[in-house]
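Engineer: here is my input; please provide its structure:
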Amino acid sequence: MPVYPPAAVEDPDLVACPVVGMAIDTRAHASDWHTHRRAQLLYQAEGGVTLYLDDRVGQLAPLQAAWLPAGCRHRTVMQGSFAYRSLYFDVGVYPGLPREPGILDVNPLLREMILRVTQWPSNQALDVPRQRLVRTLLDELRAAPATPLHLPMPRDRRLLPIARELLANPACPLSIDDWGGRVGASERTLARLFLAETGLSFTRWRTQCRLLMARARLAEGASVTAVAHAMGYASDSAFIAMYRRAYGEPPGRRQRRREPSS
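Structural biologist: Numbering: from 1, shown residues only. Here you go, the predicted structure:
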């Protein structure tokens with residue numbers, strides 16, 4: 001299929017082919033909340049995507065893909081220049097697909113198969129060679145290293161304003177006691193609720209939020225210094241140390257990862 005602007009894509013739930021691919025190259029874009037009847041593999045070729053589900057938030061870096069089961073409500077926010085390739089699988093034809101969302105690392109073989117599918121016509125059944133390729137692609141998906149979408153969102157009416165503000169402004173310096181005065185709850189109550197609803201303390205949740213947003217800014221091409229300051233860190237070294245502890249690599253490495261030219 002051709003490369004589309006976001007406003008001109010076909011509805012993947014209405015096409016004839018049981019596996020359809022779409023290629024999108026554009027600049028900043030934010031989708032509305034939506035679902036698909038098909039399962040979706042969202043492969044990020046360039047730039048970063050913040051992916052919102054009802055109960056969690058994830059960050060998709062270049063050369064990663066998100067798996068979204070059929071019916072999974074989600075929205076995406078993409079800043080700067082970005083390119084993604086999405087595949088949509090008819091769950092009636094492929095009933096054994098994963099039922100939980102997650103983030104996958106995409107190896108060169110899987111990448112090439114994803115790109116191949118995006119070139120298929122959407123209005124034709126699969127011939128035998130394409131059926132074989134889909135089987136191999138699904139095998140590679142099952143073998144790909146996977147991580148969960150790792151920032152759980154709280155639902156309590158007192159916690160939601162805190163979570164939303166920190167996602168919008170990760171450098172927000174307010175303590176949990178400060179927030180208590182704003183949302184009408186004691187520090188102890190907020191601490192208990194954060195742990196009960198997210199499995200994380202307030203401090204740990206805020207750190208995870210900052211790391212998530214940092215990956216988004218780095219994927220957009222921002223410098224490590226600019227990202228460190230935007231996340232509220234007093235120095236580059238403090239931010240780099242936190243990032244390395246969380247991801248096992250320095251933040252600059254993600255900046256150097258880009259889609260190989262086709």
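
Engineer: from the chain's centre, how far out does the longest helix seen in the chain sit?
Structural biologist: When the chain is scanned for its longest helix (criterion: DSSP state H), the result is helix 202-219. Here helix 202-219 is found 13 Å from its chain centre; the criterion is CA atoms, centre = their mean, to the nearest Å.

Engineer: packing partners for that helix?
Structural biologist: For helix 202-219, the contact count by 3 or more CB pairs under 8 Å, 6 or more residues apart in numbering; DSSP states H and E identifies strand 49-53, strand 56-60, strand 151-152, helix 160-168, helix 187-198, helix 224-230, helix 236-247, helix 251-256 as packing neighbours. Where C-beta positions appear, they are placed from N, C-alpha and C, glycine not excepted.

Engineer: what about Ala222, neighbour count?
Structural biologist: Counted with other CB atoms under 10 Å, the neighbours of Ala222 add up to 19.

Engineer: give me the neighbour count for Thr198.
Structural biologist: So Thr198, with other CB under 10 Å, has 21 neighbours.

Engineer: is it correct that Leu53 is in contact with Leu151?
Structural biologist: No - using CB atoms under 8 Å, Leu53 makes no contact with Leu151, being 10.0 Å away.

Engineer: and the strands in the stretch 1-150 of the chain?
Structural biologist: Using DSSP state E, counting those that start in this stretch, the strands of the stretch 1-150 of the chain run over 3-4, 19-26, 29-30, 39-46, 49-53, 56-60, 64-68, 74-78, 82-89, 102-105, 146-147.

Engineer: give the residue spans of the stretch 101-250 of the chain that score low on pLDDT.
Structural biologist: Nowhere does the stretch 101-250 of the chain drop to pLDDT under 70.

Engineer: the strands of the stretch 1-150 of the chain: which one's closest to Ile176?
Structural biologist: Distance to Ile176, taken as CB to CB, is lowest for strand 56-60 among the strands of the stretch 1-150 of the chain, at 19.6 Å.

Engineer: before we move on, the earlier item: list the buried residues of the longest helix of the chain.
Structural biologist: 202, 205-219 (16 or more other CB atoms under 10 Å).

Engineer: chain neighbours aside, what residue packs nearest to Thr118?
Structural biologist: Gly21 (3.4 Å; CB to CB, 6 or more residues apart in numbering).

Engineer: how about the contacts made by that neighbour?
Structural biologist: By CB atoms under 8 Å, 6 or more residues apart in numbering, Gly21 lies in contact with 1, 85-88, 114, 117-120.
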